[in-house]
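K.L.:
here is the input, now give the coordinates:
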Amino acid sequence: MKLSDQAAALFISKTITAGLLFILGPILVRFLTQAEYGTFLQVNLVTTFVVTAAPIGISQSFAYFIPKLGGGKHYQFVVRTLTLLIGLGILGAITIFVGGNYLGLWMNNASLAMLAPYIGGLIVATIISDTTETIFLAEKRGSIVAAILPIKASARLAAIMLPLLVGAGLVGVFQGLIVAMLVEAVILYGYYLYECRCHRANTQAVNLKDQFNYCLPIGAALILATIGGSVDMFLVSSWFDSAQYAVYARGVFELPLTAILLTVLFDLLAPRFVEHWDAGRKDKIAGLLRDSVRRVALVFYPIMCLSFLLAHQIITFLFTDNYADSVPIFRIFLLAMLFHTGYMVVVFRASGNTKETLKISILKIVLVAMLSAILLKVFGALEGAVIGVVIANVLTRLYIVCRASRELEISVSALIPWKELGKTFLLSAAVAAICMPVIWW
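P.N.:
Coordinates of the predicted model:
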């Protein structure tokens with residue numbers, strides 16, 4: 001399959017997968033109480049952080065070393081790395097199990113201590129099962145990944161739905177999810193163990209020191225990025241109960257297609273930027289960035305304005321009237337779409353200035369933590385945290401634009417098409433205003 005066809009297949013597959021995972025929220029809120037759903041989201045928050053932190057970037061080494069080893073010579077490396085990931089996952093699970101009481105106290109939810117064994121099981125299963133995409137893409141099997149992703153999402157959705165339908169509750173949800181993900185992990189590990197034995201004479205090893213030297217900086221950046229994206233969640237979770245946390249979390253969810261669009265854009269721009277940078281064509285990079293900002297605004301601004309107007313209908317339709325308090329949080333969070341330049345960090349990848357990416361991650365963590373904490377105290381309500389997140393995101397993105405313009409040796413005004421953005425926003429707002437009487441009626 002051609003690269004362009006694989007890219008199209010992956011985009012469609014990821015869109016379907018995102019849709020399947022997105023409907024999980026609307027399903028769960030109809031079976032679980034607000035406190036139980038908040039607990040589910042807290043478990044997901046903790047699991048996501050540990051799954052990112054425990055492997056210290058090792059899972060990213062598949063994409064780097066598998067192509068270097070060549071066809072049929074990487075199976076020993078894959079099995080060794082998967083085994084190492086299992087060990088690190090078990091270590092993370094033990095840490096959660098031992099510190100379950102402290103976790104419950106910190107996140108203001110005593111149920112987390114009881115659920116610590118299930119959190120540990122999710123950590124181990126997720127670390128292995130989520131490497132499938134990375135390994136297969138490194139082997140240039142994008143078409144297989146495109147087929148697998150919706151199947152995995154459907155299996156996980158079914159594993160959650162069945163316990164709910166038989167009345168097993170929140171514990172049943174975690175048990176079903178762990179079983180589904182462990183099956184994925186066993187199939188993946190068993191397949192590569194079999195291939196390793198079949199190709200024993202044709203395998204090559206990678207020095208562990210070289211692997212860790214490559215992985216550790218990436219792992220540090222991933223951990224910082226995860227903290228930066230969830231520090232407000234941890235703050236709200238520690239200050240409010242699980243029911244209020246659920247209200248906040250349902251207000252700050254990203255619209256699925258917007259996240260996919262930015263990811264695809266980042267993946268498409270990265271190789272082009274490297275080529276232009278090596279050829280000294282900085283003006284080409286600036287032109288692509290400027291055009292990308294304009295094109296993304298053509299999609300983001302109408303979605304933002306209509307979603308702002310329809311916020312109550314969107315939230316209550318997806319999550320029922322019990323989450324009506326999420327509406328003002330959702331409206332505030334949508335404002336971050338006005339300034340959408342997060343993918344500009346690809347400039348630093350192209351120039352090799354990866355330290356700048358690390359600085360950006362640290363800056364975002366500091367700003368979100370500081371502003372969210374201050375505004376939570378000032379407002380004494382959940383809206384304070386999301387205002388802090390929006391301001392921190394805007395300031396961080398302004399910093400990215402300033403640093404990118406300096407890297408490309410052009411002015412900020414030449415990089416951001418302010419007039420075109422203003423016109424697009426006004427037109428989008430006008431369309432939303434025209435729709436307003438119909439919505440009211």
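
K.L.:
pLDDT of stretch 183-195, averaged?
P.N.:
What stretch 183-195 shows for mean pLDDT is 92.

K.L.:
just the buried residues of it, please?
P.N.:
Under the neighbour-count criterion of 16 or more other C-beta atoms under 10 Å, stretch 183-195 has E184, A185, L188, Y189, Y192, E195 buried. Any C-beta I mention is one placed from the backbone N, CA and C, and that applies to glycine too.

K.L.:
so the third one makes contact with D130?
P.N.:
Going back to what we said before, that points to L188. No - with contacts counted by C-beta atoms under 8 Å, L188 stays clear of D130, the gap being 9.9 Å.

K.L.:
distance of the nearest residue to L112 once chain neighbours are set aside relative to F317?
P.N.:
Nearest residue to L112, sequence neighbours excluded (C-beta to C-beta, 6 or more residues apart in numbering): G104, at 4.3 Å. For G104, the distance to F317 equals 33 Å [C-beta to C-beta, to the nearest Å].

K.L.:
neighbour count winner among those two?
P.N.:
G104 (18 against 11; other C-beta atoms under 10 Å).

K.L.:
which ones are touching the more buried one?
P.N.:
By C-beta atoms under 8 Å, 6 or more residues apart in numbering, the contact list for G104 reads A110, S111, L112, A113.

K.L.:
mark which of those are part of helices, please.
P.N.:
Assigned to helices by DSSP state H, the following of these qualify: S111, L112, A113.

K.L.:
quick one: which helix or strand includes the residue nearest to L112?
P.N.:
helix 100-106 (DSSP states H and E).

K.L.:
what mean pLDDT does that helix get?
P.N.:
Averaging pLDDT along helix 100-106 gives 91.

K.L.:
what residues sit buried inside the helix or strand where L426 lies?
P.N.:
Assigned by DSSP H and E, L426 belongs to helix 418-440. By 16+ other C-beta under 10 Å, the buried positions in helix 418-440 come out as E420, L421, T424, F425, S428, A429, A432.

K.L.:
same deal with stretch 394-405?
P.N.:
V394, L395, T396, R397, Y399, I400, V401, R403, A404, S405.

K.L.:
check stretch 212-222 too.
P.N.:
Within stretch 212-222, the residues scored as buried using 16+ other C-beta under 10 Å are Y214, C215, I218, G219, A221, L222.

K.L.:
chain center to it, what's the gap?
P.N.:
Chain-centre distance of stretch 212-222: 18 Å, with C-alpha atoms, centre = their mean, to the nearest Å.

K.L.:
which residues sit against it?
P.N.:
Residues contacting stretch 212-222 (C-beta under 8 Å, 6+ apart): 52-53, 55-58, 60-61, 64-65, 354, 357-358, 361.

K.L.:
same check, this time on stretch 351-362
P.N.:
Stretch 351-362 is contacted from outside by 217, 220-221, 224-225, 228, 277, 345, 348-349, 396, 399-400, 403, 407, using C-beta under 8 Å, 6+ apart.

K.L.:
list the buried residues of it.
P.N.:
Under 16+ other C-beta under 10 Å, the buried positions of stretch 351-362 are S351, E356, T357, I360, S361.

K.L.:
and that stretch, what's its mean pLDDT?
P.N.:
For stretch 351-362, mean pLDDT rounds to 78.

K.L.:
so for the helix or strand containing I66, what gets flagged as buried?
P.N.:
Element membership for I66 (DSSP H and E) is helix 61-69. Buried residues in helix 61-69, defined by neighbour count with 16+ other C-beta under 10 Å: S61, F62, F65, I66, L69.
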